[in-house]
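Asker: generate coordinates for the sequence data below:
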Amino acid sequence: WNLDEEKAMINYLIEHKDEAGDGLNFKDTTWTKVAECLQPLRTDRGVKMGKKCKEKQGQLLRKPYSTIMILKANVSGFLWTDKDGCKVDIKMEDSWNIYCKTHEATKQFKNKGFAHYESMTMILPQTVKG
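Answerer: From the prediction side, this is the model:
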């Protein structure tokens with residue numbers, strides 16, 4: 001997956017948001033159509049299938065988005081910026097490492113943001129679970 005493919009998938013989901021059911025869960029037919037719209041962007045990697053698109057959205061887009069929602073709610077004690085993530089400096093390093101032991105998904109946002117955050121807000125609910 002490259003950034004263009006990710007953006008195209010998110011844009012397709014935004015345009016077809018009304019096809020989603022409860023909890024914004026799209027049907028398999030929608031995922032098949034997502035895969036079809038990605039074919040022109042394909043490079044030398046394999047053909048995208050609907051199942052893989054659904055997995056990508058769940059693991060690599062929805063999960064980071066949910067993690068960021070928790071960070072933005074400041075329940076972790078770390079402040080979030082869209083550009084720099086949690087901006088962990090040397091003074092915060094020990095606290096960060098302790099936090100990441102129980103919040104594994106947070107590691108990737110130590111000092112970088114999430115390129116798709118704004119787009120994902122158009123698809124997913126903006127409430128924090130837990």
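Asker: for the helix ranked longest in the chain, packing partners?
Answerer: What stands out as the longest helix in the chain, according to DSSP state H, is helix 3-15. Here helix 3-15 touches helix 28-38, helix 50-56, helix 117-120, going by 3 or more C-beta pairs under 8 Å, 6 or more residues apart in numbering; DSSP states H and E. The C-beta positions use only the backbone N, C-alpha and C, and glycine is treated the same way.
Asker: average pLDDT for it?
Answerer: In this model, helix 3-15 has a mean pLDDT of 90.
Asker: and the contacts of it?
Answerer: For helix 3-15, the surrounding residues in contact (C-beta atoms under 8 Å, 6 or more residues apart in numbering) are 20, 26, 30, 33-34, 37-38, 41-42, 48, 53, 56-57, 60-61, 115-116, 119-120, 122-123.
Asker: buried subset of the residues you listed?
Answerer: 26, 30, 33-34, 37-38, 48, 53, 56-57, 61, 116, 119-120, 123 (16 or more other C-beta atoms under 10 Å).
Asker: what's the closest of those residues to Glu93?
Answerer: Distance to Glu93, by C-beta to C-beta, is smallest for His116 among the buried ones among the contacts of helix 3-15, at 27.0 Å.
Asker: quick one, what contacts the residue positioned nearest the centre of the chain?
Answerer: By C-alpha atoms, centre = their mean, the mean C-alpha position of the chain lies nearest to Leu61, the distance being 2.2 Å. Leu61 sits next to Glu6, Met9, Ile10, His116, Met120 when contact means C-beta under 8 Å, 6+ apart.
Asker: how about a cut-off of 10 Å?
Answerer: Glu6, Met9, Ile10, Leu13, Phe114, His116, Tyr117, Ser119, Met120, Ile123, Leu124 (C-beta atoms under 10 Å, 6 or more residues apart in numbering).
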